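Q: Okay, predicted coordinates and the sequence, questions at the end:
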Amino acid sequence: MALLSSIDHDLLNEETIQILNTKSIYSVLDFLNEDVDEIAHLTDLTYVDIFSIQQHIYQKFNTTSISGLDLYEKIKESHISTGIPRLDTALKGGLPCGKITEVCGLPCSGKTQLVTAISCNVSHHLKRNIIYVDAKNDFSGSRIYQILKETGCEEKELASSMDRIKVVRLWNMNALIYFIHELHRKESLRNCVSLVVVDSLPCLMLQHKGEKSKESIGLLNLFVNAARLVGTEHGISFIIVNLTTRWNELLVTEEDGKNVSKWVEKKVPALGKYWQFIPTTFIRTDIDKSCELKKIDISVKSSCDVLFGNTISFELNSIGIK
């Protein structure tokens, strides 16, 4: 409990506090529990003075109440809508602000399509800036134009929406970490930024695999700390694109008393075991090969590996994802 000496009030001077201390009144709680008549008798404080000090303590230490409506509005502000209603429902409101969300899948499973569609929606509907870190050097401005054009907006509005998507090309982890720190330091750089997309992090991380594996974990840790700092301080949501890799593993099983060997395909996220505890939300993408149309299946899980909902199927078309 806070001491009386920590209370910044004109009537609680050093002499008054010393007098109260002689009667074992040291903390704020002691002061509030003590009888008002006793305090007035010990000190030169009037009843009005004592009530004024008590009110000051209540205002400083009491929790403030919040209505159900205010709490609902606060919860809404804690998420960024993806502009895809069914995905927002699966995400319990949208992308969590100040947190890291992972989009992961096999090559050509719709990861870039998904983050491109989300970027367009945040820019066009929410009128917020997006920083798109293009680590693969394959960002398509014409694809952004095509998606926005399908919304039916005028050329001037379309140009404004495209301008709000800031593309940054980085080639190594050190440059990415430096950029995230600059984002924290420079207000002009993060002006109206609600979303940072890194597509994709394995492109930068795989440079440090093998003999440099320890260095890679260190760099990944530095990036995570910087991203969490920027996210928490400024309410920015991060989408990190990860890659699922395929491995063939020789599995030996016993059948009818004989050892039988067979190759089994194993799918492993490229960023390794350390990364699996970093994002708060995981979005998994996969191509639905059973359908003639090009569709992707999306499943959403929390960091506790809790499935938020059933797998959702989306059609890939000229407007991105439907």
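A: Good, I have the coordinates.

Q: if you go through the protein in chain order, where are the helices?
A: Using DSSP state H, the helices assigned to the chain run over residues 14-21, 28-33, 36-42, 47-61, 68-77, 85-90, 111-125, 141-149, 155-163, 173-185, 201-205, 213-234, 272-275.

Q: In CSV: those helices, plus mean pLDDT, mean neighbour count and distance to residue 246.
A: To be clear about C-beta, it is placed using only N, CA and C from the backbone, and glycine gets the same treatment. Output for those, formatted as CSV (pLDDT from 0 to 100; neighbours: other CB atoms under 10 Å; distance: least, CB to CB, whole Å):
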stretch, mean pLDDT, mean neighbour count, distance to residue 246
helix 14-21, 86, 14, 71
helix 28-33, 85, 15, 62
helix 36-42, 87, 13, 75
helix 47-61, 85, 14, 57
helix 68-77, 64, 10, 39
helix 85-90, 88, 17, 26
helix 111-125, 93, 23, 15
helix 141-149, 91, 16, 27
helix 155-163, 93, 14, 36
helix 173-185, 94, 17, 24
helix 201-205, 92, 22, 14
helix 213-234, 89, 16, 21
helix 272-275, 87, 14, 16
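
Q: out of those, nearest to residue 313?
A: Of all the helices of the chain, the one in closest proximity to residue 313, counting by CB to CB, is helix 85-90 (9.4 Å).

Q: Run a quick neighbour tally on residue 13.
A: Neighbouring residues of residue 13 were enumerated by other CB atoms under 10 Å; the total is 10.

Q: ok, so what distance separates it from residue 29?
A: Noted for residue 13: a distance of 20 Å to residue 29, by CB to CB, to the nearest Å.

Q: same deal with residue 219?
A: With distances defined as CB to CB, the gap from residue 219 to residue 29 amounts to 48 Å.

Q: Over to residue 83?
A: Distance check for residue 83 against residue 29: by CB to CB, it reads 51 Å.

Q: which ones are touching residue 179?
A: For residue 179, the contacting residues are 133, 168, 170, by CB atoms under 8 Å, 6 or more residues apart in numbering.

Q: Phi first, then psi, for the last one.
A: Backbone torsions for residue 170, taken as degrees, to the nearest 10, come to phi -130, psi 150.

Q: OK, contacts around it?
A: Residues in contact with residue 170 (CB under 8 Å, 6+ apart) are 133, 134, 135, 176, 179, 204.

Q: do that again at 10 Å, thanks
A: 133, 134, 135, 137, 176, 177, 178, 179, 198, 203, 204 (CB atoms under 10 Å, 6 or more residues apart in numbering).

Q: out of those residues, who's nearest residue 238?
A: Within these, the smallest distance to residue 238 is 7.2 Å, found for residue 198 (CB to CB).

Q: doesn't residue 224 make contact with the closest one?
A: No: in this structure residue 198 lies outside contact range of residue 224 using CB atoms under 10 Å: 11.5 Å.

Q: and for these two, which residues touch both?
A: Between them, residue 198 and residue 224 share the contacting residues 100, 180, 238, 240, judged by CB under 10 Å, 6+ apart.

Q: Not counting sequence-adjacent ones, nearest residue to the second one?
A: Computed as CB to CB, 6 or more residues apart in numbering, the closest residue to residue 180 that is not its neighbour in sequence is residue 226, at 4.1 Å.

Q: that older thread, out of the shared contacts of residue 198 and residue 224, which comes closest to residue 108?
A: Among the shared contacts of residue 198 and residue 224, residue 240 lies closest to residue 108 (CB to CB), at 18.7 Å.

Q: tell me the domain ranges of this structure?
A: Each structural domain of the chain that the record assigns through automatic domain parsing is listed here as a residue range: 4-61, 68-321.

Q: Residue 283 pairs with what?
A: Applying DSSP bridges to residue 283 gives these bridge partners: residue 103, residue 300.

Q: If I follow the layout properly, it ends up in contact with residue 90?
A: Yes: if you go by CB under 10 Å, residue 283 and residue 90 touch, sitting 8.5 Å apart.

Q: Now for those two: what residues contact both?
A: Any residue near both residue 283 and residue 90 by CB under 10 Å, 6+ apart counts here, and that gives 82, 298, 299, 300, 301, 308.

Q: which of the residues you listed tops the neighbour count?
A: Sorting the shared contacts of residue 283 and residue 90 by how many neighbours each has (other CB under 10 Å) puts residue 82 first, at 28 neighbours.

Q: Pretty sure that residue sits against residue 118.
A: Yes: taking CB under 10 Å as the definition, residue 82 is a contact partner of residue 118 at 4.7 Å.

Q: Pull up the overlap in contacts between those two.
A: Overlap of the contact sets of residue 82 and residue 118 (by CB under 10 Å, 6+ apart) consists of 94, 95, 101, 195, 237, 239, 283, 321.

Q: quick one: contacts for residue 167?
A: Neighbour list for residue 167: 119, 130, 131, 132, 133, 134, 139, 141, 144, 197 [criterion: CB under 10 Å, 6+ apart].

Q: So it versus residue 174, what's the distance?
A: 20 Å.

Q: Thank you kindly, that will do.
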